[in-house]
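1. here is a sequence together with a model predicted from it:
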Amino acid sequence: MSKTRLLIYGLTLLLFAACAKQSTPTGGPRDEDPPVLLESNPTTQSLNTKPEEITLTFDEYIKLENPTKGIVITPRVKKDEVEFSALKNIVTIKLNQELEDSTTYVIDFQKSVVDISEENPAENLKLVFSTGNAIDSLSISGKVNFYFPPSKPDFKDVLVGIYPLGDTTDILTAPPYYLSQVDTTGSFTITNVKNGQYLAYAWKDNNGTLKAESKSEDYDFIIDTLLLEQNIENIRFNLSKADITPIRILRTASFGQNFDIVVNRGPMETKLSNEDLGSEFFYNFSDNRIRIYPISPKTDSIPFNISLKDSVGFSIDSLIWAKFPQSERKPDKLLVTANSGKNFYRNFEAELQFNKPIKSINTDSLYIAYDTASRISITESMMSFQDSSKRDLLRIRLSIPDSLSQEIITVKGADSTFTDIENQVNETPLTANYRKLKREGLADEISGNILAGRPPYIVQLLNSKNELIREQFLENTSTYSFKLVEPGTFKIRVIEDLNGNKSWDPSNFTQKRLAERVFYFINSEMEPALIIRSGWSLQDQNITASEPTGIPKEQKKPVENP
């Protein structure tokens, strides 16, 4: 071989080697196929079987994603004793417990079995078998709703469960006997249920315990007993939070010259009574603590009657003997916050919140400024405290004429304008801005009727941040109207306030009392949103009440609850 040929041959080899180094295999198209079940032991729909171990074989290598939470076994088993494992293409479940006689078991894998390569979940993977000679076939189905949904309703981790009537456990104490995961639309179905009598619950299981936490998780329950002799459909749950921990006084003690009453949770209503309350004594509530402030130290113990009521209806009444000794403890600084940033039309209202009761206000240094040289003095007639026994929320109200052209007005108060009951003054000057709206920039009206409900109603107009903008109480009518509304995107929320106390009452599980119904205006796109522009007048914006919690009337059967 000539030198020239050798050179060409060598260069060719180098070129192929270089090309080989630069190229990488593409790996082929992405695997989008879910794992397919080839066989199981026992097979689905098996009868007269009590397996100690269950195996499932798939057509590819698989793994398990959070099986202790994602795999639902019904009826209830001791989940902490069950062992889940995956090796190559086989899933193994060791039950480690004796199954009940003549019972149909369902193992719903949901999205827990996924392939190794792309984590595609096995679809509709469910294993059904019976320890007796028949498969139970009854079902319960329905829908779950939120009374106070987030901006985008999230049905992840929402569960529905039923307990046999007479079971000593319930939604707050143990997992249910039968269980189902709610889908992305809020719908659910519990299948293969044995005939009998049951109590039904739904909850958002944020912590994965398979039971509800009343202090932190939304839940609901059906008061009526479900008599399951045939399929029951269209059950309705409406989830909301309801802490059923009874309110109680934890401790009482002097705090400097003042007196503290500490409770375990915030009351909805607080009534403190003493003949000198509002003159010699004042109080406020903060951080689960009621603090009573005296005008001056007292040598004797002073009696106060205290009545507390929480949101679910529990209440306590107690007589407290309070001491207000002389003290060298340095008082807390006086702090003031304003509802700055609010918009208004004509009728101006500012709110000033204080951390302590206010004793006096120097009106000479409190005013409204609307340009560099112009001001409006704030007089005593323009001011009022929400509660004269607390004197910690001051409202300033006045009418601002249309002739005042400035858009921004400012409430100003110099330092030492406010003096609290402990003779502390505000060290920082107050500056709070508010925006004056023009009539031509407002919508004329939003109005409509409330259908399929029963007054009294609380009708609330919420902005896009779910902040309350307007509220009205309808006692004997179903027609609502909000006039002169600032343009924007809103929600209209309705509370069916059947007891007329002008506040929403949550459920009380121990008293078997359901929460007051809450529902929303729904637009043509089936969204709870209402867009309004300046100059618009939107009439006939009717609001239909959502379905209440419970079983449809036509499916109810008389059952005696224990």
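-> It's in.
2. flag the shaky bits of the stretch 1-150 of the chain, pLDDT-wise.
-> 1-29 (pLDDT under 70).
3. can you give me the strands in it?
-> 37-41, 53-58, 62-64, 72-74, 83-87, 90-94, 104-108, 113-115, 126-130, 138-146 (DSSP state E, counting those that start in this stretch).
4. quick one: which of those is nearest V485?
-> With C-beta to C-beta, the closest approach to V485 among these belongs to strand 138-146: 25.8 Å. Bear in mind the C-beta positions are built from the backbone N, C-alpha and C, glycine included.
5. counting contacts, what elements does the very next helix or strand once past the closest one pack onto?
-> Downstream of strand 138-146, the first helix or strand assigned by DSSP states H and E is strand 158-164. Other helices and strands packing on strand 158-164, by 3 or more C-beta pairs under 8 Å, 6 or more residues apart in numbering; DSSP states H and E, are strand 138-146, strand 178-181, strand 187-193, strand 196-204.
6. picking that back up, using a markdown table, lay out the strands of the stretch 1-150 of the chain together with distance to K298 and mean neighbour count.
-> Compiled in a markdown table, those are given as follows (distance: least, C-beta to C-beta, whole Å; neighbours: other C-beta atoms under 10 Å):
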| stretch | distance to K298 | mean neighbour count |
| --- | --- | --- |
| strand 37-41 | 78 | 15 |
| strand 53-58 | 73 | 18 |
| strand 62-64 | 68 | 20 |
| strand 72-74 | 62 | 21 |
| strand 83-87 | 66 | 14 |
| strand 90-94 | 70 | 19 |
| strand 104-108 | 66 | 22 |
| strand 113-115 | 70 | 22 |
| strand 126-130 | 71 | 20 |
| strand 138-146 | 50 | 20 |
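7. nearest to P246, of those strands?
-> Across the strands of the stretch 1-150 of the chain, closest to P246 is strand 138-146 (C-beta to C-beta), at 25.8 Å.
8. which residues are contacting the closest one?
-> Residues from elsewhere that reach strand 138-146, judged by C-beta atoms under 8 Å, 6 or more residues apart in numbering: 153, 155, 158, 160, 162, 178, 182, 185-195, 198, 200, 202, 218, 220, 226, 228-240, 546-547.
9. now the buried members of those residues.
-> In the contacts of strand 138-146, burial by neighbour count holds for 155, 158, 160, 162, 178, 182, 186, 188, 190-194, 198, 200, 202, 218, 220, 226, 228, 232, 235-240, 546-547, counting by 16 or more other C-beta atoms under 10 Å.
10. show me where the stretch 201-350 of the chain has strands.
-> So, for the stretch 201-350 of the chain - with DSSP E, counting those that start in this stretch - the strands run 219-221, 226-228, 232-239, 249-255, 258-263, 269-273, 281-286, 289-294, 302-309, 315-322, 336-338, 343-344, 347-354.
11. should've said the stretch 401-550 of the chain
-> For the stretch 401-550 of the chain, strands defined by DSSP E, counting those that start in this stretch occupy the ranges 408-413, 418-420, 430-436, 443-451, 457-462, 468-474, 479-485, 488-496, 518-520, 530-532, 537-538, 543-544.
12. so which of the ones you listed gets nearest L172?
-> strand 518-520 (22.0 Å).
13. correct me, but I368 touches I408?
-> No: with contacts counted by C-beta atoms under 8 Å, I368 stays clear of I408, the gap being 10.9 Å.
14. so what's the residue count around the residue nearest to L484 when sequence neighbours are not counted?
-> If the residues on either side of it in the chain are set aside, L484 comes closest to L442, at 4.8 Å by C-beta to C-beta, 6 or more residues apart in numbering. Applying other C-beta atoms under 10 Å, we find 19 residues neighbouring L442.
15. L366 too?
-> For L366, using other C-beta under 10 Å, the count is 22.
16. from the opening residue of stretch 79-96 to its closing one, how far?
-> Taking C-alpha to C-alpha, to the nearest Å, stretch 79-96 runs 10 Å from one end to the other.
17. so what touches it?
-> 35, 51-64, 67-68, 71, 73, 77-78, 97, 107, 113, 175, 210.
18. before we move on, back to that, export the strands of the stretch 201-350 of the chain to a markdown table and tack on distance to E328 and mean pLDDT?
-> Compiled in a markdown table, the strands of the stretch 201-350 of the chain are given as follows (distance: least, C-beta to C-beta, whole Å; pLDDT from 0 to 100):
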| stretch | distance to E328 | mean pLDDT |
| --- | --- | --- |
| strand 219-221 | 50 | 98 |
| strand 226-228 | 65 | 94 |
| strand 232-239 | 52 | 97 |
| strand 249-255 | 13 | 96 |
| strand 258-263 | 14 | 97 |
| strand 269-273 | 27 | 94 |
| strand 281-286 | 21 | 95 |
| strand 289-294 | 16 | 97 |
| strand 302-309 | 21 | 97 |
| strand 315-322 | 19 | 96 |
| strand 336-338 | 26 | 98 |
| strand 343-344 | 46 | 94 |
| strand 347-354 | 24 | 97 |
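19. so which of those is the most packed in?
-> strand 219-221 (a mean of 24; mean count of other C-beta atoms under 10 Å).
20. show me what that strand is packed against.
-> On a contact count with 3+ C-beta pairs under 8 Å, 6+ apart, strand 219-221 meets strand 196-204, strand 232-239.
21. show me how far that strand is from its chain's centre.
-> From the chain centre to the centre of strand 219-221 is a distance of 13 Å (C-alpha atoms, centre = their mean, to the nearest Å).
22. one more: stretch 196-211?
-> 17 Å.
23. flag every buried residue along it.
-> Buried, per 16+ other C-beta under 10 Å, within stretch 196-211: 196-205, 210-211.
24. ends of it, how far apart?
-> 22 Å.
25. then stretch 538-545?
-> First-to-last residue span, stretch 538-545, C-alpha to C-alpha: 20 Å.
26. list of residues touching that stretch?
-> For stretch 538-545, using C-beta under 8 Å, 6+ apart, the contacting residues are 443, 445-453, 480, 492, 494, 496, 517, 519-522, 530, 532.
27. may I see the buried residues of it?
-> Using 16+ other C-beta under 10 Å as the test for burial, stretch 538-545 gives 538, 541-543, 545.
28. which pair of those spans the longest distance?
-> L538 and A545 (19.9 Å).
29. burial check on S389, number of neighbours?
-> 19.
30. re earlier: using a markdown table, lay out the helices and strands packed on strand 219-221 together with distance to K436.
-> What follows is the helices and strands packed on strand 219-221, written out as a markdown table (distance: least, C-beta to C-beta, whole Å):
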| stretch | distance to K436 |
| --- | --- |
| strand 196-204 | 43 |
| strand 232-239 | 41 |
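31. nearest to R346, out of those?
-> strand 232-239 (39.1 Å).
32. packing partners of the closest one?
-> strand 138-146, strand 196-204, strand 219-221.
33. who does the second one pair with, and is each partner parallel or antiparallel?
-> What it means is strand 196-204. strand 158-164 (antiparallel), strand 219-221 (antiparallel), strand 226-228 (antiparallel) (DSSP bridges).
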